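Trainee: Next one to model:
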Amino acid sequence: MQKMFVVVNPVSAGKATAKEWPLYEKKLRENGFDFEVKYTEYQEHATEITRKALKEGYDYIVSVGGDGTMNEIVNGFFENNIQINPNARLAVFSRGTGCDFIKSLGIKKGFDDFLEVLKRNTSKTVDVGLTKYVDYKKGQVQRYFVNVSDIGIGGDTTYRVNRSSKALKGFLSFAINALLAILFYKNKQYSINIDDKINMNERLNSVIVANGKYFGGGMQVAPEAKLDDGEFDVVIFGNINTIELLLSFPSIYKGRHLTNPKLKIYKGKHITVKSEPAALLDIDGEQPGTTDVEFTIIPKAINVMV
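Mentor: Sure, this is the predicted structure:
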């Protein structure tokens, strides 16, 4: 029997999780699940909690919160670039604005669906991305991610979403802020290298480095991406203007945007991105810093419940 530890972000879902979690906890225990629980209290606290739990012998970590909480927990699976317990498993009860990672996993949002995942007790070993970037205060730092990282308009959108009211639901919040980003964003000069085989130096809108298919509250930005194929899908939005972006915006939700001639898609394991001026970075729904950015894939690195 694996030892389960639950990490709860009480301010997720517009602070509703703080009120609703006791009921969910009661239902889980009624269904025979035994676990310890700890609430997060500050930024990156979920990473600290997860590391401590894994070192204490817990090998089953549950994330209760948004994609940002899940990302912090994933980072807690590693210390000094080494997995604390390669056999540990992660389960995600998605309570955030975007809930994009579970879409990439093919899991529906909601407690009943989460409970079914726990009862099935099956896992999928997925790749993890390692990102090195410029933090606002610390200079160059690194961070792991499992879903999607985006440089450019997506980073701008996430910046707006994370500073807007959480009263709006996920889809609406992302849609409104994405439209605002489209209206005010200015394309930048990018320098991109993919596996030392592809080099680009031109004016672009965005660079999306995808492990999963979805980002931005349900946008199917990388419809061909697979979580376990050992490669990123790199989707590059070219020098697209505001009108072109607005017209293509609905197609991104359906994954039909790749036919646009100003979009390019590549596969890669190691990607570097520079920009002038600096561009905002999004990592799993968080906006922690800016370019220059380096991405490296770590194949089959973490076990996720599905």
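Trainee: Which elements pack onto the helix or strand harbouring residue 46?
Mentor: Using DSSP states H and E, residue 46 sits within helix 45-55. Counting contacts by 3 or more Cβ pairs under 8 Å, 6 or more residues apart in numbering; DSSP states H and E, helix 45-55 packs against strand 4-8, strand 60-65, helix 67-76. All C-beta spots, glycine's among them, are computed from the backbone N, C-alpha and C.
Trainee: let's see 6 Å
Mentor: Packing contacts for helix 45-55, counted by 3 or more Cβ pairs under 6 Å, 6 or more residues apart in numbering; DSSP states H and E, involve strand 4-8, helix 67-76.
Trainee: Can you say which of these is packed in most?
Mentor: Compared across the helices and strands packed on helix 45-55, helix 67-76 shows the largest average neighbour count, a mean of 27 (mean count of other Cβ atoms under 10 Å).
Trainee: how far does stretch 205-224 sit from the chain's center?
Mentor: 10 Å (Cα atoms, centre = their mean, to the nearest Å).
Trainee: Give me the buried positions along that stretch.
Mentor: 205-223 (16 or more other Cβ atoms under 10 Å).
Trainee: Who are the contact partners of residue 3?
Mentor: 57-58 (Cβ atoms under 6 Å, 6 or more residues apart in numbering).
Trainee: Could you pull up phi and psi at it?
Mentor: phi -90, psi 120 (degrees, to the nearest 10).
Trainee: how close does it get to residue 90?
Mentor: Distance, residue 3 to residue 90, by Cβ to Cβ, to the nearest Å: 14 Å.
Trainee: what's the answer for residue 267, then?
Mentor: According to Cβ to Cβ, residue 267 stands 25 Å off from residue 90.
Trainee: With residue 241 instead?
Mentor: Taken as Cβ to Cβ, the span from residue 241 to residue 90 is 41 Å.
Trainee: Looking at the two, which has the bigger crowd around it?
Mentor: residue 90 (21 against 11; other Cβ atoms under 10 Å).
Trainee: which residues pair with the more buried one across the strands?
Mentor: Counting by DSSP bridges, residue 90 is bridged to residue 61, residue 304.
Trainee: Now name the helix or strand holding residue 41.
Mentor: Using DSSP H and E, no helix or strand contains residue 41.
Trainee: and residue 163, that one's in a strand?
Mentor: No - under DSSP: H, G, I helix; E, B strand; the rest coil, residue 163 falls outside any strand and is assigned coil.
Trainee: Give the buried residues for the helix or strand where residue 288 lies.
Mentor: Using DSSP H and E, residue 288 sits within strand 286-305. Going by neighbour count (16+ other Cβ under 10 Å), the buried part of strand 286-305 is 286-298, 301-305.
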